[in-house]
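Novice: fold the following, please.
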Amino acid sequence: MSGERKLALAASPSPQAQEAAKELRQKYEWVPPSEAEIIVALGGDGFLLQTLHSMLDRHRALPVFGMNRGTVGFLMNEWSAELLENRLLAAKPIKVAPLRMDTVTIEGEKISLAAINEVSLLRETRQTAWIEVSVDDRVVLAELVADGVLVSTPAGSTAYNFSAHGPILPLESALVALTPISPFRPRRWRGAILPDRTRIRFRVLDPIKRPVSAVADQREVRDVASVEITVDRGNPLTLMFDPEHALDDRIAMEQFAI
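Specialist: Presented below is the predicted three-dimensional model:
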């Protein structure tokens, strides 16, 4: 490498990612993550989220340049072992702010987790969930009867949120999407778009008979009684993209996908 920035390599366990990692290790110099300035991640979107979460857990968030060695790879750059130094120098940094999920279980346990894509509340049994929805301490839905409800960041708005018929949010919009999952009542409510300074609170109305879990990206807390969601501006994350493949443009173009 040029010696200007120290790089660490992270790869998913898949054979495709491991083969790519082997090739990169032969071409370039690498340091442990504790000494690095940039992380190069090989895998799919799930592995990239895992890499970002591990840095949040360690309270040391480095810029991440992902290359797709997975399936969808919406959050990743194209794979190539060539000219990595040039790509990193030209890469466009995109900052994303994670969600903070503060839960209280029916046993009174308090658990806080971060989410980069979305926080989802999901019914645990065949019975629908009954959930009270508040925005900035104001009850806006006294009773949402649904399979669940989610709050999505702009970065995650093309994922689960979009499949639940939620809106695609421009990356720099400073908004979050509040989207019901298979709502039964109120029938006409299809969600809301809210400023990202908003504090959203869910209260499970019958948590014993109709238990609900809360999921922050891939991490689940079961049997919740209440969940509060805010945007955590104190822990921004930086993703790096090839200029012609930047995330903000990709999210905008998803609005025109057929």
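
Novice: buried sites along stretch 224-241?
Specialist: 224-232, 237, 239-241 (16 or more other C-beta atoms under 10 Å). Placement of C-beta: from N, CA and C, glycine included.

Novice: and what of stretch 48-55?
Specialist: 48, 49, 50, 51, 52, 53, 55.

Novice: now these as a markdown table including secondary structure, distance to residue 62 and pLDDT?
Specialist: Compiled in a markdown table, these are given as follows (DSSP: H, G, I helix; E, B strand; the rest coil; distance: C-beta to C-beta, whole Å; pLDDT from 0 to 100):
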| residue | secondary structure | distance to residue 62 | pLDDT |
| --- | --- | --- | --- |
| 48 | helix | 13 | 93 |
| 49 | helix | 15 | 92 |
| 50 | helix | 14 | 92 |
| 51 | helix | 10 | 93 |
| 52 | helix | 10 | 92 |
| 53 | helix | 13 | 91 |
| 55 | helix | 6 | 87 |
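
Novice: for the residues you listed, which one is nearest residue 37?
Specialist: Set against residue 37, the nearest of those by C-beta to C-beta is residue 55 (12.7 Å).

Novice: name the nearest residue to the closest one, sequence neighbours excluded.
Specialist: With C-beta to C-beta, 6 or more residues apart in numbering as the criterion, residue 55 has its nearest non-adjacent residue at 4.8 Å, and that residue is residue 61.

Novice: can you check residue 206 too?
Specialist: residue 130 (5.2 Å).

Novice: count the neighbours of that neighbour for me.
Specialist: Residue 130 has 19 neighbouring residues, counting by other C-beta atoms under 10 Å.

Novice: now do residue 256
Specialist: 7.

Novice: next: residue 120.
Specialist: Residue 120 has 25 neighbouring residues, counting by other C-beta under 10 Å.

Novice: can you tell me the strand partners of the host helix or strand of it and which way each runs?
Specialist: In the assignment (DSSP states H and E), residue 120 maps to strand 118-123. Partners of strand 118-123 in the sheet, by DSSP bridges, are strand 138-152 (antiparallel), strand 212-216 (antiparallel).

Novice: looking at those, which is buried most?
Specialist: Each of the strands paired with strand 118-123 was scored by mean neighbour count; the highest is strand 212-216, a mean of 24, by mean count of other C-beta atoms under 10 Å.

Novice: so how far is that strand from its chain's centroid?
Specialist: Centroid separation for strand 212-216 versus its chain: 14 Å, with C-alpha atoms, centre = their mean, to the nearest Å.

Novice: contacts for it, please.
Specialist: Applying C-beta atoms under 8 Å, 6 or more residues apart in numbering, the external contacts of strand 212-216 come out as 99, 101, 103, 113-115, 119-124, 129, 131, 148, 204, 220-224, 227.

Novice: now stretch 124-139
Specialist: Residues from elsewhere that reach stretch 124-139 (C-beta under 8 Å, 6+ apart): 121-123, 140-149, 178, 184, 192, 194, 198-206, 209-213, 222-223.

Novice: thinking the residue nearest to residue 55 is in contact with residue 239, fair?
Specialist: No: applying C-beta atoms under 8 Å as the test, residue 61 and residue 239 come out as separate, 10.7 Å apart.

Novice: what's the overlap in contacts for the two?
Specialist: The overlap between the contact sets of residue 61 and residue 239 (C-beta under 8 Å, 6+ apart) is empty.

Novice: domains of this protein?
Specialist: Listed by automatic domain parsing, the domain ranges of the chain are 7-97+235-254, 99-231.

Novice: pick the most deeply packed of these.
Specialist: Using mean count of other C-beta under 10 Å, the stretch among the domains of the chain with the largest mean neighbour count is domain 99-231, at a mean of 19.

Novice: that one: how far from the chain's middle?
Specialist: 14 Å.

Novice: in which helix or strand would I find residue 238?
Specialist: Per DSSP H and E, residue 238 falls inside strand 237-241.
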